[in-house]
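> This is the structure alone, sequence omitted:
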């Protein structure tokens with residue numbers, strides 16, 4: 001009887017442990033790569049996106065436009081790592097301690113952003129039944145984009161979505177979208193739309209058979225330039 005109870009306890013722990021895990025523990029098990037001692041504009045985004053792995057806590061790692069601006073446009077995001085045997089969590093910690101980039105966990109996404117980025121209010125639903133289906137339907141396979149424009153994102157994801165993604169390719173409305181940098185695994189179609197909007201500084205409207213993206217024109221507060229976090 002005691003043995004039976006022991007195995008029942010083990011089974012219960014196995015099913016409840018993932019729910020208690022936090023995003024830090026999940027990222028701490030993801031190797032960043034060997035001999036990585038610093039992060040800069042040449043390696044930061046691809047290293048971190050490729051290090052992201054499927055897990056039960058974080059479904060996507062999203063670089064928002066404020067973060068990619070720090071890395072590629074302003075070129076002031078540079079972080080050193082304590083040793084060469086590092087994890088994705090070490091990389092996130094280094095960025096948030098040594099640059100203007102912040103990390104916010106908005107389940108199920110880990111967002112890398114600055115104070116310029118809006119973290120919510122980017123979805124409008126015109127057709128409730130379509131939105132409900134999108135929230136339930138899973139997207140198969142791993143998704144990863146590194147500095148990809150709208151046409152590339154649409155070409156890759158339009159066939160994974162049960163709604164058509166708008167605007168069409170080469171549309172002038174998409175020329176001012178930010179390039180997209182995110183990795184996702186295990187998301188629903190709705191979450192996929194959210195990740196696209198967060199990475200591209202857009203909002204989206206769900207209609208009967210389409211999801212239409214538009215530039216998010218909200219302005220955030222620029223990071224204070226007096227000193228870096230941790231200094």
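Structure received. Keep in mind it's a predicted model, so treat the numbers as computed, not measured. Numbering: from 1, shown residues only.
> so what's residue 180 closest to, chain neighbours aside?
Nearest residue to residue 180, sequence neighbours excluded (C-beta to C-beta, 6 or more residues apart in numbering): residue 199, at 4.1 Å. For glycine as for every other residue, the C-beta is placed from the backbone atoms N, C-alpha and C.
> again but with residue 148, I slipped
Nearest non-adjacent residue to residue 148, counting by C-beta to C-beta, 6+ apart: residue 180, 4.9 Å away.
> how about the strands in this protein?
31-34, 38-39, 60-63, 79-80, 85-87, 102-106, 109-113, 123-125, 142-148, 164-166, 180-185, 202-206, 210-215 (DSSP state E).
> partner strands of the last one, parallel or antiparallel?
By that I understand strand 210-215. strand 164-166 (parallel), strand 202-206 (antiparallel) (DSSP bridges).
> Pull the distance from that strand to the chain's centre.
Relative to its parent chain, strand 210-215 has a centroid offset of 19 Å by C-alpha atoms, centre = their mean, to the nearest Å.
> Next, the buried residues of it.
Buried residues in strand 210-215, counted by 16 or more other C-beta atoms under 10 Å: 210, 211, 212, 213, 214.
> Just the residues contacting that strand, thanks.
Strand 210-215 is contacted by residues 134, 150, 161, 163-167, 173-174, 176-177, 193, 196-197, 200-205 when judged by C-beta atoms under 8 Å, 6 or more residues apart in numbering.
> OK, contacts around the residue nearest the centre of the chain?
Geometric centre of the chain, nearest residue: residue 62, 2.0 Å, by C-alpha atoms, centre = their mean. Residues near residue 62 by C-beta under 8 Å, 6+ apart: 109, 110, 111, 112, 181, 182, 195, 198, 199.
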